[in-house]
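S.K.: what's the 3D shape of this:
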Amino acid sequence: MRVKFQTMSPKFQIMKQRTRLPVYAWPRLSKTDLLCIRIGGNGLGNLLFTWARCLAESERRGWRMIWPTWRSYKPKNRRVNPYDHRIYSDLFRPTARYVHGWRKPWCLARDRWISEDQACAEGARPGSVVVFMGMEGKFAPFLRDAERIRSELIAISRERHLAAFSNADPAPIAIHVRCGDFVRQSSYEQMVNVDNSSLPMDWYVEALRAVRAKTGHELSAEVYSDGTAEQLAPLLSLPGVKRREYGSSLADIFGLSRSRFLIASGSTFSMWGSYLGQVPTLWHPGKLLQHVLLKHPEREFEWAAGEPLPDWVPETLGEPGAAEAKMSPKPGPRGTTETVGAASAAICNSRNLTDRG
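M.R.: Numbers count the residues shown, from 1 in each chain. Okay, the predicted model is just below:
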């Protein structure tokens, strides 16, 4: 007996294709992820590695991203770093690119989870959820996707955190001083070799003086920090130096990215500012963890007090503005704190507002 098989009609084939589940990709930012809030986990700079790696891989493979759980609760952080509680509840909002709302728990409960490594090695079947975790490789997996990462980060950021883009004339030099949860070590060797170590304030002061001496101009500088006024006093007392506060960690990263030269803290937070803006960056010896500049990798370098600066530094910083006077031995007024409000419509030419499905 011969069995006659009938082929599916074109209409049925189209319907089947439409109902076929995609492959999903989920940046899981903490082990304890309750979908509406996380318990513990990394700071923003380290969380962005997971999100960006997931974004880059999803773009390459056509996967649909699931909105990460940004909101977190960290009881210890209120004691260790009272200046930044790292809740991250109001930094971002999802666009059409992401599965979010009630669809997020439904998708995660319905579909099979597989690891990022397994999916990249063996492929992922439709209806799978590829789970991204950790910060392995840091910038390496998405290094050459800098413009895409930057555009998407701006697109998902709430407008009040884009204040840096409304500043028409940011200071040419940005200085990121990490205090808070960074530990002051008892010896120079420990400070250089141990992660999350705070750097000596004298080094920041000497670095700024060296840059100004190399350019021959008293270029203005802005300090981004979670430290107290007392901790930052050696820097803020220098002429032409002021503290910049945009109101959130995300906004400060964007602020760092708009400078022309960055004196970094040795943290991944500084690295993100350098990467997003492709900003030439000076690092303390032993603190340049990874090169992130694409066109001019030589413009991120380690420097110790007393060493000469590269000859390209004046070219990068350019001529000073009208408010930046010629070098003078006279001490200037004490630096002050400046807070910038919500971003204006001027950010639109820097922001990609198109939601991609």
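
S.K.: need the contact partners of stretch 36-46.
M.R.: Surrounding stretch 36-46, the residues in contact under the criterion CB atoms under 8 Å, 6 or more residues apart in numbering are 29-32, 47, 69, 71-74, 86, 88, 91, 135, 181, 249-250, 253, 267-269, 271-272. All C-beta atoms are positioned from the backbone trio N, CA, C, and that covers glycine.

S.K.: mind redoing it with 6 Å?
M.R.: Contacting residues not belonging to stretch 36-46 are listed as 29-30, 32, 69, 71-74, 86, 135, 249, 268-269, 272 [CB atoms under 6 Å, 6 or more residues apart in numbering].

S.K.: give the buried residues for it.
M.R.: Of the residues in stretch 36-46, those buried under the neighbour-count criterion (16 or more other CB atoms under 10 Å) are 38, 41-46.

S.K.: of these, closest to Glu245?
M.R.: Looking at these and their distance to Glu245, the nearest is Leu44, at 15.8 Å (CB to CB).

S.K.: can you put the contacts of stretch 36-46 in a markdown table and add secondary structure, neighbour count and distance to Phe261?
M.R.: Formatted as a markdown table, the contacts of stretch 36-46 follow (DSSP: H, G, I helix; E, B strand; the rest coil; neighbours: other CB atoms under 10 Å; distance: CB to CB, whole Å):
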| residue | secondary structure | neighbour count | distance to Phe261 |
| --- | --- | --- | --- |
| Leu29 | coil | 24 | 32 |
| Ser30 | coil | 19 | 35 |
| Thr32 | coil | 11 | 40 |
| Thr69 | coil | 20 | 36 |
| Arg71 | coil | 16 | 34 |
| Ser72 | strand | 24 | 32 |
| Tyr73 | strand | 17 | 37 |
| Lys74 | coil | 20 | 33 |
| Arg86 | coil | 18 | 28 |
| Met135 | coil | 16 | 26 |
| Ser249 | helix | 19 | 21 |
| Thr268 | helix | 24 | 19 |
| Phe269 | helix | 22 | 17 |
| Trp272 | helix | 27 | 16 |
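
S.K.: among the buried residues of stretch 36-46, find the lowest-pLDDT one for me.
M.R.: Lowest in pLDDT among the buried residues of stretch 36-46 is Gly41, which has 81.

S.K.: from Arg110, how far off is the residue nearest to that one when sequence neighbours are not counted?
M.R.: When the adjacent residues along the chain are set aside, Gly41 lies closest to Ser30, with 3.6 Å between them (CB to CB, 6 or more residues apart in numbering). Computed as CB to CB, to the nearest Å, the Ser30 to Arg110 distance reads 22 Å.

S.K.: report the buried residues of the helix or strand containing Leu208.
M.R.: Assigning secondary structure by DSSP states H and E places Leu208 in helix 201-215. Taking 16+ other CB under 10 Å as the neighbour-count basis, helix 201-215 is seen to contain the buried residues 201, 203-205, 207-208, 210-212, 214-215.

S.K.: taking the centroid of this structure, which residue is nearest it?
M.R.: In the chain, the residue lying closest to the centroid (CA atoms, centre = their mean) is Trp272, at 3.7 Å.

S.K.: do a quick rundown of the helices in the stretch 151-300 of the chain.
M.R.: Chain-ordered helices for the stretch 151-300 of the chain, with DSSP state H, counting those that start in this stretch as the definition, fall at 188-193, 201-215, 229-236, 249-257, 268-277.

S.K.: lowest-confidence helix or strand of the chain?
M.R.: For the chain, the helix or strand with the lowest mean confidence is strand 337-339, at a mean of 41 (criterion: mean pLDDT, DSSP states H and E).

S.K.: mind listing what's buried along the longest helix along the chain?
M.R.: The single longest helix within the chain, with elements called by DSSP state H, is helix 44-61. Within helix 44-61, the residues scored as buried using 16+ other CB under 10 Å are 44-59.

S.K.: one step back: Serialize the buried residues of stretch 36-46 to CSV and add fields for distance to Gln190.
M.R.: CSV is the format used below for the buried residues of stretch 36-46 (distance: CB to CB, whole Å):
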residue, distance to Gln190
Arg38, 31
Gly41, 26
Asn42, 22
Gly43, 21
Leu44, 26
Gly45, 22
Asn46, 22
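
S.K.: low pLDDT regions in this protein?
M.R.: When residues are selected by pLDDT under 70, those of the chain lie in 1-19, 75-85, 183, 186, 319-357.

S.K.: and with 80 instead?
M.R.: Counting by pLDDT under 80, the chain contains low-confidence residues at 1-20, 74-86, 180-188, 190-194, 196-197, 319-357.

S.K.: need the three-state assignment for Ala25.
M.R.: Following DSSP: H, G, I helix; E, B strand; the rest coil, the label given to Ala25 is strand.

S.K.: quick check: nearest residue in space to Leu108, chain neighbours excluded?
M.R.: Of all residues not flanking Leu108 in the chain, Val129 sits nearest, at 6.3 Å (CB to CB, 6+ apart).

S.K.: and that neighbour, bridged to which residues?
M.R.: Beta-bridge pairing of Val129 under DSSP bridges involves Tyr24, Trp113.
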